[in-house]
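*Asks:* pasting the sequence and the predicted coordinates here, then a few questions.
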Amino acid sequence: MRLKPSLFAAAILLPLIFAGREASAQGVTPMTPNAAPSYASFTPEQADYVKRVVMIPMRDGVKLYTVIVFRKGVQGGPILLSRTPYDAESSAERTKSPSITETLPAMDAEFVDDGYIRVYQDIRGMHHSEGDFVMTRPIVGVFNTTGVDEATDAYDTIDWLVKNVPEGNGKVGVVGSSYLGFTTLMAEINPHPALKAVAPQSPMVDTWIGDDAFHNGAFRVLQMDYVVEQATDKGKHGGPVYGPGDEYSLYLADGSMGDHARKWGMDKYAFNQLILEHPAYDKVWSDVAVDKWMARQPVTVPTMLIVGQWDQEDSYGAPAVYKAMKPNDKNGLVSLVIGPWRHSGVNHYGYGLGALTFTGDTADEFRTKYLKPFFDHYLKDAPDPHTPPVLTYATGVNRWEVSRNWPAGNPVKLYLHDGFAASFEAPRTEAFDHDEYLSDPSKPVPFIPRPIKMNDRAQWTTWLVHDQRFVSDRPDVLVYRTEPLDKPLHVMGAPLVDLFAATSGTDSDWVVKLIDVYPNSSTEGAGQGATPQDMAGFELPMGIEIFRGRYVHGFDKPEALKPGKVEEYKWPLPNIDHVFLPGHHIMVQVQSSLFPLYDRNPQTYVDNIFNAKPADYRKATESVYHSPAAASGIILPIADDQSR
């Protein structure tokens, strides 16, 4: 039967009318705004952990933002604390997940799975915490009359935690890397009785001698950007944006680092002003060096100092503090760890670094076998794991090694010779007693192949293991190497540069690299299970370090060099445990710039290099001597493996 048009329309419209009335009755129509203020990815009931956010009061009334996380059901758990300038909120949330091991950083998994209570805290003045931020705040004393520092803040935080976290067992450990390594060390100064163990990783210790800002007087350009990043809006905004292009060219065009800072507005920040006004090692640097503070402290807290062999930021701090604390360590509470890692690599994955491949995840292996048992013993009353006095990873042969002391090698000098040779025999009379190169500040030696982007993580985290063949043929780089080794050579400690050199200018930088040169041999290839990287002829740096010539007679006594006068320069390379294998060569490279990692030396003495003018940057002839009376070389701490 056919419906009339009017009845047909009614048949169609009536269901729609009733549907609209039903939707309207439910409060939703096609025009209801489809927006919500927030969404809970999961409910607290779905999560396998408890998370609390609290503001902990300090003795001066300032409150610090603190995140407390632990697995549900934990009772009598030890507290593991990290005090950070890098945002406690995001530090405690690697991903949004109802799983605690997915939420927290990878290094926390072993701990929270075993009943630890994990705590992250913003230090004063950063992110969600109250108060004023002071870069590596000095301890209370001459430079700090406020009555509070990172030591007192750590004490007050620990005191609050043990009294207000009922799930805890009253014992606290502190751990952290880089700036967090610094705050970890601070917790040991007049420590709270509940502080039972600490593990400072790559701590910022002396930012003039060898961490972050300067290395032996040469300035690291990224420090100014870092200051801006940390000091702007409580660390919530980044530093200058240089745009695309090669930053080698950008820094070269900007001139001195003082001009660069003024151009980009970085000279307005207090810590950058401190840098610009104090280029030498005066009291604003020497009196706040953490190793000097630690040397004056009785050792009462078990301390595991940790650093990566190729730490591109803070290679100096952990070994320096180890050296400072050991004389006061009457009960064997201080230990040192050197792993095959980049900066902070201990907290991530340790399968390899750059072109290098290790036997498994060395970082996870260390955390599982050594770091956690260390904390378990002191925080959970677990059996004594007999933490090694010194634990190092021998690269070249890929194995962990235990030593009683550090350095574990005996000093043996590798000499430079005529004909660009190197050997362990001292030079006798040689036809030519020195080699020369022309150092041109307008064409400095790059520290990695161009184009350079200083904030490119792939470039930055691996530059210390980059194949050095990219500069070996430059006329302003001297290259010396041994004959192929006929037996393994085991180096355990910090190689010491002993360079006799002269310049035609009145100032100069000296850069020395210790390099393991791989033989020209090939593997079967990746298809047969070999690592993808072709290591044939690879020039692997084992240590790269710089020295600013004006400080040859004292870091606090800058002075012009006398043109043509031979001076003896001595400075250490980073600590290593490495085996140079048979068939490999040992290479030494010498140059006068490492740009733009470090600012350029104008090679004309000026009172303050940060204010050097374009006319001050001049070419200079650099001479490296290898005569019997001026025997340049590197003193290697060579281990007798039977005596360790």
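*Replies:* In hand now; what should we look at?

*Asks:* I figured Ser423 hits Lys413, correct?
*Replies:* No: with contact defined as C-beta atoms under 8 Å, Ser423 does not count as touching Lys413 (10.1 Å). Just so you know, the C-beta spots here come from the backbone N, C-alpha and C atoms, and that holds for glycine as well.

*Asks:* buried stuff in stretch 91-99?
*Replies:* The neighbour-count check on stretch 91-99 (16 or more other C-beta atoms under 10 Å) flags 91-93, 97 as buried.

*Asks:* same thing with stretch 478-489?
*Replies:* The neighbour-count check on stretch 478-489 (16+ other C-beta under 10 Å) flags 478-482, 485, 489 as buried.

*Asks:* those in strands, which ones?
*Replies:* Counted as lying in strands by DSSP state E, out of these, are 478-481, 489.

*Asks:* in the stretch 251-400 of the chain, which spans are helices?
*Replies:* Here the stretch 251-400 of the chain has its helices, by DSSP state H, counting those that start in this stretch, at 257-263, 270-277, 283-286, 290-295, 317-325, 362-366, 372-380.

*Asks:* same check on the stretch 51-200 of the chain?
*Replies:* If DSSP H, counting those that start in this stretch is used as the criterion, the helices of the stretch 51-200 of the chain fall at 88-91, 100-103, 109-112, 150-164, 179-186.

*Asks:* between those, which one is closest to Asp507.
*Replies:* Nearest of the helices of the stretch 51-200 of the chain to Asp507, taken as C-beta to C-beta: helix 179-186 at 31.4 Å.

*Asks:* hmm, back to that, let me know which of the helices of the stretch 251-400 of the chain is tucked in deepest.
*Replies:* Most buried of the helices of the stretch 251-400 of the chain by mean neighbour count (mean count of other C-beta atoms under 10 Å) is helix 317-325; its value is a mean of 24.

*Asks:* show me what that helix is packed up against.
*Replies:* helix 179-186, strand 195-201, helix 290-295, strand 303-308, strand 334-339 (3 or more C-beta pairs under 8 Å, 6 or more residues apart in numbering; DSSP states H and E).

*Asks:* let's have these in CSV, adding mean pLDDT.
*Replies:* CSV is the format used below for these (pLDDT from 0 to 100):
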stretch, mean pLDDT
helix 179-186, 98
strand 195-201, 98
helix 290-295, 97
strand 303-308, 98
strand 334-339, 98
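
*Asks:* can I get the ones you listed in a markdown table with distance to Leu464?
*Replies:* Output for the helices and strands packed on helix 317-325, formatted as a markdown table (distance: least, C-beta to C-beta, whole Å):
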| stretch | distance to Leu464 |
| --- | --- |
| helix 179-186 | 18 |
| strand 195-201 | 17 |
| helix 290-295 | 22 |
| strand 303-308 | 9 |
| strand 334-339 | 14 |
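
*Asks:* if we can go back for a sec, output the helices of the stretch 251-400 of the chain in CSV, with distance to Tyr248 appended to each entry.
*Replies:* Listed next are the helices of the stretch 251-400 of the chain as CSV, based on distance: least, C-beta to C-beta, whole Å:
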stretch, distance to Tyr248
helix 257-263, 13
helix 270-277, 22
helix 283-286, 28
helix 290-295, 33
helix 317-325, 28
helix 362-366, 32
helix 372-380, 43
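
*Asks:* closest one to Val402 among those?
*Replies:* Among these, helix 362-366 comes nearest to Val402, with 12.7 Å by C-beta to C-beta.

*Asks:* can you pull out the strands in the stretch 501-644 of the chain?
*Replies:* Ranges of strands within the stretch 501-644 of the chain are 509-517, 539-548, 567-572, 576-580, 585-591, 620-625, 633-638, based on DSSP state E, counting those that start in this stretch.

*Asks:* I meant the stretch 101-250 of the chain, not that one.
*Replies:* Under DSSP E, counting those that start in this stretch, the stretch 101-250 of the chain gives strands at 117-122, 168-177, 195-201, 214-215, 218-219.

*Asks:* got a list of what the nearest residue to Tyr155 once chain neighbours are set aside touches?
*Replies:* Leaving aside its sequence neighbours, Tyr155 sits nearest to His192 (C-beta to C-beta, 6 or more residues apart in numbering; 4.7 Å). Contacts for His192 (C-beta atoms under 8 Å, 6 or more residues apart in numbering) come out as 154-155, 158-159, 172.

*Asks:* and if we set it to 10 Å?
*Replies:* 151, 154-159, 161-162, 172, 301 (C-beta atoms under 10 Å, 6 or more residues apart in numbering).

*Asks:* let's have the residues you listed in TSV, adding pLDDT and neighbour count.
*Replies:* Listed next are the contacts of His192 as TSV, based on pLDDT from 0 to 100; neighbours: other C-beta atoms under 10 Å:
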residue	pLDDT	neighbour count
Ala151	98	22
Ala154	98	28
Tyr155	98	22
Asp156	98	19
Thr157	98	25
Ile158	98	23
Asp159	98	16
Leu161	98	23
Val162	98	18
Val172	98	30
Val301	98	20
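
*Asks:* any idea which of those residues is closest to Ser129?
*Replies:* Ser129 has its nearest neighbour among these in Thr157, at 10.9 Å by C-beta to C-beta.

*Asks:* am I right that the closest one is in contact with Val62?
*Replies:* No: with contact defined as C-beta atoms under 10 Å, Thr157 does not reach Val62; the gap is 11.5 Å.

*Asks:* tell me, what's touching the two both at once?
*Replies:* With C-beta under 10 Å, 6+ apart as the test, Thr157 and Val62 both reach Ile56.

*Asks:* now Glu524. Nearest residue, chain neighbours left out?
*Replies:* Ala530 (5.5 Å).

*Asks:* contacting residues for that neighbour?
*Replies:* Shown in contact with Ala530 (C-beta under 10 Å, 6+ apart): 357, 522-524.

*Asks:* so among the residues you listed, which ones count as buried?
*Replies:* In those, nothing passes as buried (16+ other C-beta under 10 Å).

*Asks:* out of those, who's nearest Asp507?
*Replies:* Nearest to Asp507 among the contacts of Ala530, with distances taken as C-beta to C-beta, is Thr357, at 41.8 Å.

*Asks:* Gln533 is in contact with the closest one, correct?
*Replies:* Yes: assessed by C-beta under 10 Å, Thr357 is found in contact with Gln533 at 7.6 Å.

*Asks:* I'd like to know how far the residue nearest to Leu274 when sequence neighbours are not counted sits from Ile609.
*Replies:* Of all residues not flanking Leu274 in the chain, Val284 sits nearest, at 6.2 Å (C-beta to C-beta, 6+ apart). Distance, Val284 to Ile609, by C-beta to C-beta, to the nearest Å: 17 Å.

*Asks:* any idea which element Ile422 lies in?
*Replies:* No, residue 422 isn't Ile; it's Ala. In the assignment (DSSP states H and E), Ala422 maps to strand 421-423.

*Asks:* list the buried ones in that strand?
*Replies:* So strand 421-423, judged by 16+ other C-beta under 10 Å, has buried residues 422-423.
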